[in-house]
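Q: This is the structure alone, sequence omitted:
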C-alpha cells in the first residue's frame, strides 16, 4: 500500500454517510476502521495519525512485558503523544527541594507502557508561526536505522541497493491533519535489535452532529481478535431513540514477521532471496570463442584452479550508449575514466576499446544488482575488437600504464593547480564538477555538448576574474571591456613570449566560443568537426597543455610582479 492509498482510505474513514440511513448505522460499527488496522501491519504502517475523528499513536514496548494480564493492563492506557524529556522539582523526605528529570512515557496508566519508547515526540513551539506542534523523530530510531530527513520528500530516507532514495518514515501534513507511516522492514530490524514490539493505540469517534447530540443510552462491545492482536472497546451511543454516535478505543500489537535466523542473516549482510545473475555475450578468451555465459561467480573460473569454466575476466562488450544513463544523472552517479560509482550502493570498473565499445569483466558484472545487470545486457553486443592496450598492461601484466591520457592528465593538474606566492588563486578549482568530467564515448551531439559545457564551466568559469583584474591594474593593462580570458592574455603578454601566450589562450578561447550562444554547440545542427569523440579528446589535450603551461608560469612567479596590490 502506498502512502497516497493510506491517505485515501483515511479520507474515506472520515466521510459521513447520511444520518438516519442503514449505511450510517453500519458506519457506527467501525468495521471499515478495524479492517484498515488489520490490513496495515505490513508494508507501510501508519504509526501516527492526528485527524479530527481519528487518532493513532504507536510506541515500542519491551517484548518481555507481554505476559500475564497485559491485555487488560494496556486497555487502561491514558496518555497522548509524548513531548519528550522534561524536568521539575519535588520534595525529598526532609521536605527540601529535589531536582527531577522526567523520561518520556513515565505516567501512562499502564505498567506495560511506563518507560516504553516513543517513535515520535510531539514537540510544541509557540514561536513557530502558523504551527505550534510538530512530530520529531526519536533520535535513537534515526541513528539505528541510519535514516536522514529530506524535506523535499517529506520523509526520513536511506539509500537502497540501487542507490535510489528509499522513504522509511513519511510525514505529511494534510488538510485533515498529520499522517506518519513507517516501513515495516525497517521497523522489524529495530524491533529485533531492541527486543521490542510495536503497540499501536487508536481512538476513533463518529457522529453526524456533536453539537446537538444528547446521549440517552449506550451499547458497549468488546472486540478481541487474538490472531491480529487487535483489542478494542466499541461504544455506540443512542440519542432520541436512534444510534447517533460511536467511539472505538483500543490497541493493536504488531510483532516481527521474520524469525531470528532471517534477522541474523540480514545483520551479516547475507541475501535473503537467492541472488539472480544475467547472461551476456562474452569473449571467452580461455577457449578462444565468443559465447553467451552467466556472470554468476559459481560459473566462472580463475587462474588458480583448473576447470572448463570461462575466466572471470572474460569481457562482455557494450554499445557506448550504455554510459549515457550514468552521465545524465550526476547527482546519483559519478563517472570517471575507468569506473562508475553509484551513490552509496555499488561501483563498476569498465574500459573502452579501440572500436569505441565499452567492456566489463564478467566478475564485475556479477557484483551488480540484478536490475542493473539487465540494463547492461540490453546494450550487449558482439566484440568488434579486444580489450584496450592499457587494460592489458594494468589488469594482466601488472604494469603501469604510461600512455598519455588527456582526461586524467587534465584532472591531475587541475586538482593540484598552484596559487601565486602570496596565495592568490588565478584559477579556482571546482572538485565536484571536475569529478564528473568524462570522455565523449558516442557520436551523440547532446553528449558532446554536455561535456563541452562542463569543460567550459570548469576551466573558463574557474578563472578568477577578481584576481586577474587586480594583476592587470598593477601591470597597467586593465580594460573594463575585456573578459577573463582576454584580460589574462594582456597580463601574460607582458612577461612571456607570444607563442606561449597563444598556447594558453587559444584553447580557452575555442572552448568559450563552443560554449557561448554564438558557438556551434548551440546552433542545433550537427557540428562540422568530424568525429565528436576525437574532437573532444583533442580539445582535452589542448586544454591540458594550456593549463599545465599556465601552472608552470604561476610557479615560476611570472605573474607575481603584478600582485603588489592584488587581493583575492
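A: Nice, I can see it. Quantities reported herein were computed from a predicted structural model and do not represent experimental measurements.
Q: Residue 499: what secondary structure?
A: At residue 499, secondary structure determined by DSSP: H, G, I helix; E, B strand; the rest coil is helix.
Q: what about it, how many neighbours?
A: 7 (other C-beta atoms under 10 Å). Every C-beta, even on glycine, is put in place using the N, C-alpha and C of the backbone.
Q: Can you tell me the element residue 347 falls in?
A: For residue 347, the element it lies in under DSSP states H and E is strand 346-349.
Q: Could you give the average pLDDT over that strand?
A: Across strand 346-349, the average pLDDT comes to 96.
Q: partners of that strand in the sheet?
A: strand 339-342 (antiparallel) (DSSP bridges).
Q: how far is the strand it pairs with from where the chain is centred?
A: Distance of strand 339-342 from the chain centroid (C-alpha atoms, centre = their mean, to the nearest Å) equals 15 Å.
Q: Residues touching that strand, excluding its own?
A: For strand 339-342, the external contacting residues (C-beta atoms under 8 Å, 6 or more residues apart in numbering) are 162, 163, 323, 326, 332, 333, 334, 347, 348, 349, 350, 372.
Q: which parts of that strand are buried?
A: Neighbour counts over strand 339-342 (16 or more other C-beta atoms under 10 Å) mark 340, 341, 342 as buried.
Q: I figured residue 224 hits residue 250, correct?
A: No. Look at residue 224 against residue 250 with C-beta atoms under 8 Å: they stay out of range, at 9.1 Å.
Q: pretty sure residue 5 belongs to a helix, no?
A: Yes. Per three-state DSSP, residue 5 lies within a helix segment.
Q: Just send the contacts of strand 339-342 back as a markdown table, with neighbour count too.
A: Below are the contacts of strand 339-342 laid out as a markdown table (neighbours: other C-beta atoms under 10 Å):
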| residue | neighbour count |
| --- | --- |
| 162 | 16 |
| 163 | 17 |
| 323 | 23 |
| 326 | 18 |
| 332 | 18 |
| 333 | 19 |
| 334 | 17 |
| 347 | 13 |
| 348 | 19 |
| 349 | 15 |
| 350 | 23 |
| 372 | 20 |
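Q: Would you enumerate the residues in contact with residue 177?
A: Applying C-beta under 8 Å, 6+ apart, one finds that residue 177 lies in contact with 49, 50, 51, 52, 54.
Q: From the residues you listed, which one has the minimum pLDDT?
A: Lowest pLDDT among these: residue 52, with 88.
Q: does that one really touch residue 11, like I thought?
A: No. Using C-beta under 8 Å, residue 52 is not in contact with residue 11; the gap is 11.9 Å.
Q: thinking again about what came up before, residue 224 and residue 250 - which one has more neighbours?
A: Set residue 224 next to residue 250 and count neighbours by other C-beta under 10 Å: residue 250 wins out with 23 against 13.
Q: for stretch 59-75, which positions count as buried?
A: Quick answer for stretch 59-75 (16+ other C-beta under 10 Å): 59, 60, 61, 65, 66, 70, 74, 75.
Q: from the residues you listed, which is closest to residue 303?
A: Distance to residue 303 across these (C-beta to C-beta) is lowest for residue 60, with 52.1 Å.
Q: From residue 156, how far off is the residue nearest the centre of the chain?
A: Among the residues of the chain, the one closest to the centroid is residue 165, at 3.7 Å (C-alpha atoms, centre = their mean). Distance check for residue 165 against residue 156: by C-beta to C-beta, to the nearest Å, it reads 11 Å.
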